[in-house]
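>>> curious how this folds, go ahead:
(one chain, ligands or ions: 1)
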Amino acid sequence: MDFAWSDQQRELLDAVGRFASQQLNYNMIENDRDGVFNHDAWKKCGAFGIQGLLVPAEYGGLGMDPLTTVAALERLGYGCKDNGLVFSINAHMWTAITPLVYSGSKAQKKKYLPGLCDGTLIGGNAMSEPNSGSDAFSLATTAIKQGSKYVLNGSKIFVSNGPVADLLVVFATVDKARGPNGISAFLVEKDSPGMNVARKLEKMGLRTSPMAEIFFENCEVPEENLLGKEGSGTSQFTWAMTWERGCILASAVGSMQRLLERCIRYAKERKQFGQPIGKFQLVASKIVDMKLRVESARHMLYHCAYLRGQGKSAYLEAAMTKLHISDCWIKSCEDAIQIHGGYGYMTEYELERELRDAIGSKLYSGTSEMQRNIIASLLLAQRLRRPNR
Ligand SMILES: Cc1cc2nc3c(=O)[nH]c(=O)nc-3n(C[C@H](O)[C@H](O)[C@H](O)COP(=O)(O)OP(=O)(O)OC[C@H]3O[C@@H](n4cnc5c(N)ncnc54)[C@H](O)[C@@H]3O)c2cc1C
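Now for the predicted structure:
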C-alpha cells in the first residue's frame with residue numbers, strides 16, 4: 001500500500017479543505033435547530049466537484065480513484081462542521097451515484113450523472129420499509145410490468161434526501177415468490193405520478209440532512225428506468241452497500257481530527273487548580289485515546305479504499321471499517337464534550353451537535369450489529385490456520 005500523495009492529489013486535498021472551512025460553515029446552529037437543508041452549500045459543493053469525485057470525467061465527474069475520493073471526503077468532514085450536509089452528500093454519492101455508475105446504461109448515465117455531479121440534481125436511495133430494515137431483502141414494495149412501464153406499490157421509510165431528492169434509486173420486487181432474486185432497482189424521478197413524499201421525518205441528529213417517508217401508489221416508472229437487469233437488485237444493493245460501508249464515514253475521520261485538534265487547544269488553554277487541564281493525566285489520556293482512534297480509523301478507511309481501487313471486493317474490510325469508525329466517532333465526541341466540561345454540553349460550543357450527528361452512524365448503512373454479523377460469518381467461514389511452530 002502506498003498512501004504517499006502526488007502533487008496533484010495534495011493540491012486537490014488542500015483545496016477541498018480550504019473550500020470546506022471557508023465556504024460551508026454558516027447558520028450552523030440555526031439550521032440544526034430548524035432542520036434546514038443548506039441548498040446553497042450543496043450547489044457550491046457540486047460546482048467544486050465534490051459530488052462527482054468518483055464519477056468518470058465523460059459523465060461530468062472528476063474521475064478520481066477511491067483512495068483520493070475518501071481522502072477528499074475526509075478533508076470535507078474536517079473543514080465543514082455541517083455533518084448533515086456532509087451526510088446528504090455521502091448518501092447521494094454512495095447510494096445513488098455509485099449504483100448508477102456501475103449498473104446504469106449509457107443512456108441513463110448520460111441523462112442523470114452530469115446533474116448529479118454538478119449540484120443541479122439531488123439523489124437518494126429507498127430500500128428500508130416499515131417492516132424490513134436490517135432484513136432488507138424481505139421488502140414488500142412491488143413492481144409489476146404493464147406494457148412499457150413498471151407500476152410500483154408500497155411504502156419506504158428513512159429515505160435520506162427524500163424531501164429534496166430529484167432522483168431516487170428505489171428497490172421493489174417484480175415477483176415476491178422469487179425472494180431476493182425478484183428484487184429490482186428503479187430510477188424514480190421526483191413528481192412521478194403516484195409517488196408521494198408523505199412526511200418529513202424529525203430526528204435526533206444530522207438534522208440538516210432531510211429525511212422522508214415515501215408512498216408509491218400505482219406509481220408508473222418507464223421501463224428504461226429499470227437499473228441493470230430485472231432481478232439484479234439484490235446483487236446491486238449488496239455491491240453498493242460494500243462501497244457505502246467502506247467509504248461513507250470518510251468525513252467522520254475528518255470530523256474526529258477536527259475534534260482532536262480543538263481538544264488539544266482547549267486542554268492547553270483552560271486552567272483549573274492553577275494549571276492547564278491537559279496536565280491532568282485523566283484529561284491527557286482522553287486526548288491520547290482520541291488520537292489513537294483517528295489514526296486507526298484513517299488507516300482502515302484508506303486500506304479499504306485502496307483495496308476497492310485494486311478491484312478487490314473488500315467485503316470484510318468494509319464492514320470492519322464501518323463498525324470501527326462509527327464506534328470511534330461517537331467515543332471521540334463524548335470525550336470532546338467531557339474535556340470541555342459544562343461548556344461542552346452547551347449548544348453554542350457545537351460539540352453536543354457532533355455527538356447527536358455521530359450516533360446515527362451506528363444505524364445507517366447497516367447497524368453495528370449487522371456489521372458484526374457480516375464480520376463473524378466471514379471469519380467463521382474461513383478455515384482456521386494453525387500458527388507455524
Ligand atoms: C440517519 C439514517 C439515515 C438512513 N438513510 C436511509 C436511506 O437513505 N435509505 C434507506 O433505505 N434506509 C435508510 N436508513 C435506514 C437504515 O438503513 C435502517 O434504520 C437500518 O438498516 C436498521 O433497520 P431498522 O431501523 O428497521 O432496525 P431493525 O432492523 O428493526 O433493527 C432493530 C435492532 O435489532 C438489531 N437486529 C436486527 N436484526 C439483527 C440480527 N440479525 N442480528 C443482530 N441484531 C439484529 C439491529 O441491529 C437493531 O439494533 C437510515 C437510517 C438512519 C438512522
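>>> what about Lys43, distance to Ile337?
Plainly put, Lys43 is 33 Å away from Ile337 if you go by CB to CB, to the nearest Å. Glycine gets a C-beta too; all of them are placed from N, C-alpha and C.
>>> give me the residue from the stretch 1-150 of the chain nearest the ligand.
Gly133 (1.8 Å; CB to the nearest ligand atom).
>>> could you list the buried residues of the longest helix belonging to the chain?
Criterion DSSP state H: the longest helix present in the chain is helix 281-309. Across helix 281-309, burial judged by 16 or more other CB atoms under 10 Å covers 283-284, 286-287, 290-291, 293-294, 297-298, 300-309.
>>> ok, which stretches of the stretch 1-150 of the chain are strands?
123-126, 142-146, 149-160 (DSSP state E, counting those that start in this stretch).
>>> can you mark which positions in the second one are buried?
Okay, so that is strand 142-146. Buried residues in strand 142-146 (16+ other CB under 10 Å): 142-143.
>>> elements contacting that strand?
With contacts taken as 3 or more CB pairs under 8 Å, 6 or more residues apart in numbering; DSSP states H and E, strand 142-146 sits against strand 149-160, strand 167-173.
>>> of these, which stretch is the most buried?
strand 167-173 (a mean of 27; mean count of other CB atoms under 10 Å).
>>> how big is the angle separating it from strand 142-146?
Strand 167-173 runs at 90 degrees relative to strand 142-146, counting by axes from the mean of the first three to the mean of the last three CA atoms, to 10 degrees.
>>> tell me how far strand 167-173 lies from the chain's centre.
18 Å (CA atoms, centre = their mean, to the nearest Å).
>>> quick one: residues contacting Leu100.
Leu100 makes contact with 108-109, 112-113, 116, 123, 169, 187, 227, according to CB atoms under 8 Å, 6 or more residues apart in numbering.
>>> which among these gets closest to Ser255?
Gly123 (22.8 Å; CB to CB).
>>> can you get me a residue count around the closest residue to the closest one other than its chain neighbours?
Closest residue to Gly123 apart from its sequence neighbours, by CB to CB, 6 or more residues apart in numbering: Ala96 at 2.9 Å. Ala96 sits with 27 neighbouring residues when counted by other CB atoms under 10 Å.
>>> quick check: Ala96 touching Leu116?
Yes - taking CB atoms under 8 Å as the definition, Ala96 is a contact partner of Leu116 at 6.7 Å.
>>> with Glu129 as the reference, measure out to Phe158.
9 Å.
>>> what's the answer for Glu317, then?
29 Å.
>>> around the ligand, pick out the residues from this structure.
Residues of the chain found near the ligand (CB under 6 Å from any ligand atom) are 91, 95, 124-128, 133-134, 158-160, 206, 360, 363-364, 366-367, 369-370, 373.
>>> and the residue nearest to Gly123, what pLDDT?
pLDDT for Ala96: 97.
>>> and for the residue nearest to Ala107 when sequence neighbours are not counted, the neighbour number?
With CB to CB, 6+ apart as the measure, Glu224 is the residue that lies nearest to Ala107, at 6.9 Å, once sequence neighbours are left out. For Glu224, the neighbour count with other CB under 10 Å is 12.
>>> Gly104 is in contact with Glu224, correct?
No - using CB under 8 Å, Glu224 makes no contact with Gly104, being 10.9 Å away.
>>> which stretches of the stretch 201-350 of the chain form strands?
With DSSP E, counting those that start in this stretch as the criterion, the stretch 201-350 of the chain has strands spanning 211-222, 226-227, 271-272, 275-276.
>>> out of those, which is closest to Cys328?
Using CB to CB, the nearest of these to Cys328 is strand 211-222, at 24.3 Å.
>>> pull the CA atoms of that closest one into PDB?
Extracted in PDB, the C-alpha atoms of strand 211-222 (Å, rounded to 0.1, in the frame of the first residue of the first chain):
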ATOM      1  CA  MET A 211     -35.400  12.500   5.500                       C
ATOM      2  CA  ALA A 212     -38.800  11.300   4.400                       C
ATOM      3  CA  GLU A 213     -41.300   8.500   4.400                       C
ATOM      4  CA  ILE A 214     -42.400   7.900   0.800                       C
ATOM      5  CA  PHE A 215     -45.500   6.100  -0.600                       C
ATOM      6  CA  PHE A 216     -45.900   4.600  -4.000                       C
ATOM      7  CA  GLU A 217     -49.500   4.200  -5.200                       C
ATOM      8  CA  ASN A 218     -49.700   2.900  -8.700                       C
ATOM      9  CA  CYS A 219     -46.500   4.900  -9.500                       C
ATOM     10  CA  GLU A 220     -45.600   4.500 -13.100                       C
ATOM     11  CA  VAL A 221     -41.900   4.100 -14.000                       C
ATOM     12  CA  PRO A 222     -40.900   3.800 -17.700                       C
END
